[in-house]
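Trainee: Need coordinates for the below:
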Amino acid sequence: MKKFRFELIGCLHLLAWLGQVFQLPAQVPFSDSFTAGTLNPGWTLQSPNPDSSYRLTGSNLTITASWNLGGSDLYSGTEFAAPRLFQPVDPSLDWILETEVAFAPGDNYQGAGLLLAATNGLFNSQNNFSRVAERAFYPNAGGNVIRSEGAYVAYSSGLSYLRVQKIGTNYTGWFSADGINWTLNGTGTDPNPWPFLGLFVIRYPWDGAPVDSTAAFSYFKVTVTSPPSSPLTNYVPVSLAPVANAVNHRMVNTPIGLQVLGGVPFNLLPTTGNNSWDAIGNTAVGDTSTQVMNLPVRIYGATAVDTLINTSWGNSGTLVPLTFTCSDGTSYAFNLSPGGEIRDWLNNVYVNSLSDFAVASEVYSNVAASDLATPARIDMQHIPLPAAFSTRVLTNINLTDNGVTGNSDSAYSHSISAQRAFVYGITVAAPPVVLNIAPAAGSVLLSWKTNLIGFNLLSSTNLVSGNWATNANAPAIIGGQFVATNAVSFQPHFYRLEHN
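Mentor: Below you'll find the predicted structure:
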């Protein structure tokens, strides 16, 4: 059985992963179905117009923006008295925000939707917020309209679904009348580090009509696409070098080296050699056989795996299975499905969209995916692992491609239209493995968490010799830590944790 070592040398406090460690703490937002009798205490409600109101009905949150007392607007030409509901979010996180709202505006300057903000207090400037998605009635925008990160378009339904995805400083918006069939509305870049997100309702009586805006929100859903697995998350980019076999440099228009995508770091191989794994890398023209990527990793306590994978098959019925295996044989299989977690997108020839926004998102578009200068896309997938992996060593990640499935032309086996899977990057998330050392009254205390199951403390007096022995003093359990006490010696001592 292989052994995995995590070392502490001298008096260093070392996070010793077999790879580079990245720590990304985050303030994680929450979803709400608005079915409780009171608002979640994580929300902050602002209603500068005292005539505005809200109520929880048991099935939704109804917010009313009053026309009275000067109105309830969010516009520098009038005032910032619209009611809004906020919760905090770490601006470094990437997320997908979605809501359902029953709202049928029929008078001028009524609106309701999703809001990003610089403060959860009172606004005094247009720069304090972004009305990123909205269902509205604006005569100067076309009357009954809707928008989600794009331009206002005509829309008459009284039920609206709004969705916005954030990736870094890039935003993409969709709207829907049924929550199933979505229309892409627009994309944009916003460098503002918004620390709050939420809902708003607007009514300003430019028309002089004594009419309120009342919108009923059925849910507020946040899917964090760069979620921390613990208050301190380590990310270990796994090199694809052991398995890279691309016959062509499939990723030639993207950055190389360390890249943080969706809050997750990836180590992308240089384009001077094979920089990815693809299912046709070792096949002959016309070969439709199953191809397997077997990537070795050695990471303890993995909680999730993030991947950069796309396909070029044009067939919506083919799955790409991923299998994660531990040192004791424990395994977990996750199927990537076309249109669900991965897609085909080739210069607008194949344009099947992603449906599972909780798992996948686009990170690169218009990259050359072969020796042809043909635009393609790369999608990122986030795959949580079962709890059983938290006390084991993840040793292998396998991807199985079951061969060309929808095109009988053998010439396609080595072209951009080959129906195969391509892997560009893999990163594993896991909590840190830490060995602590501290002096204590003529002794040295070595400690590590008791949830690090299967680790032994080894010691040596000479790093060059390679002779390591189990530490003579067995550890005790004190406050959730294994603690070993060794006498201070004038002879150098070196310590490490070894997983059997």
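Trainee: pull the helix or strand with minimum mean pLDDT from this protein.
Mentor: Ranked by mean pLDDT, DSSP states H and E, the helix or strand of the chain with the weakest confidence is strand 14-15, at a mean of 28.
Trainee: now the end-to-end length of stretch 55-64.
Mentor: Counting by CA to CA, to the nearest Å, you get 9 Å between the two ends of stretch 55-64.
Trainee: Which residues does that stretch contact?
Mentor: The contact list for stretch 55-64 (CB atoms under 8 Å, 6 or more residues apart in numbering) reads 32, 34-39, 52-54, 83, 85, 102, 112, 199, 201, 212-218. In this view, the C-beta of every residue, glycine as well, is placed from N, C-alpha and C.
Trainee: Just the ones of these in helices?
Mentor: Among the contacts of stretch 55-64, DSSP state H puts none in helices.
Trainee: quick one: which of these sit in strands?
Mentor: Judged by DSSP state E, strands contain the following of the contacts of stretch 55-64: 53-54, 85, 102, 112, 199, 201, 213-218.
Trainee: Which one of those residues is nearest to Pro265?
Mentor: Checking the ones in strands among the contacts of stretch 55-64 against Pro265 by CB to CB gives Leu199 as the nearest, at 32.6 Å.
Trainee: what about the closest one, distance to Ser213?
Mentor: To Ser213, Leu199 is 12 Å away according to CB to CB, to the nearest Å.
Trainee: Which pLDDT value belongs to Tyr495?
Mentor: pLDDT recorded at Tyr495 is 81.
Trainee: and the host helix or strand of it, how far from the chain's centre?
Mentor: In the assignment (DSSP states H and E), Tyr495 maps to strand 494-499. Strand 494-499 sits 33 Å away from the centroid of its parent chain (CA atoms, centre = their mean, to the nearest Å).
Trainee: Now do the buried residues in that strand.
Mentor: By neighbour count on 16 or more other CB atoms under 10 Å, the buried set for strand 494-499 is Tyr495, Arg496, Leu497, Glu498, His499.
Trainee: The second one touches Trp468, doesn't it?
Mentor: Yes - taking CB atoms under 8 Å as the contact criterion, Arg496 and Trp468 are neighbours in contact, 7.0 Å apart.
Trainee: Quickly list what's touching both of the two.
Mentor: Counting by CB under 8 Å, 6+ apart, the shared contacts of Arg496 and Trp468 are Leu458.
Trainee: Any regions of the stretch 351-500 of the chain where pLDDT drops low?
Mentor: 351-352, 357-358, 364-376, 403-419, 500 (pLDDT under 70).
Trainee: all strands of it, in order?
Mentor: For the stretch 351-500 of the chain, the strands defined by DSSP state E, counting those that start in this stretch occupy 360-368, 375-384, 393-401, 420-430, 434-440, 443-449, 455-460, 469-470, 476-478, 481-487, 494-499.
Trainee: and what of the stretch 51-200 of the chain?
Mentor: Under DSSP E, counting those that start in this stretch, the stretch 51-200 of the chain gives strands at 53-56, 61-65, 84-88, 95-102, 110-117, 129-138, 143-148, 153-154, 159-167, 170-176, 183-189, 196-203.
Trainee: Let me know the angle separating the last one from strand 110-117.
Mentor: Following axes from the mean of the first three to the mean of the last three CA atoms, to 10 degrees, one obtains 160 degrees for the angle between strand 196-203 and strand 110-117.
Trainee: is it true that Arg147 touches Ala133?
Mentor: Yes - checked against CB under 8 Å, the pair Arg147 and Ala133 is within contact range at 6.7 Å.
Trainee: More neighbours: which of the two?
Mentor: Comparing Arg147 with Ala133 by other CB atoms under 10 Å, the one with more neighbours is Ala133, at 30 against 24.
Trainee: Mind listing the residues bridging to the more buried one?
Mentor: Beta-bridge pairing of Ala133 under DSSP bridges involves Leu114, Ser148.
Trainee: returning to that earlier point: okay, the strands of the stretch 351-500 of the chain, which one's buried deepest?
Mentor: strand 420-430 (a mean of 25; mean count of other CB atoms under 10 Å).
Trainee: Return the distance of that strand from the chain's centre.
Mentor: Between the centre of strand 420-430 and the centre of its host chain there is 14 Å, according to CA atoms, centre = their mean.
Trainee: Please identify the pairing partners of it and their relative orientation?
Mentor: strand 234-238 (antiparallel), strand 277-278 (antiparallel), strand 304-312 (antiparallel).
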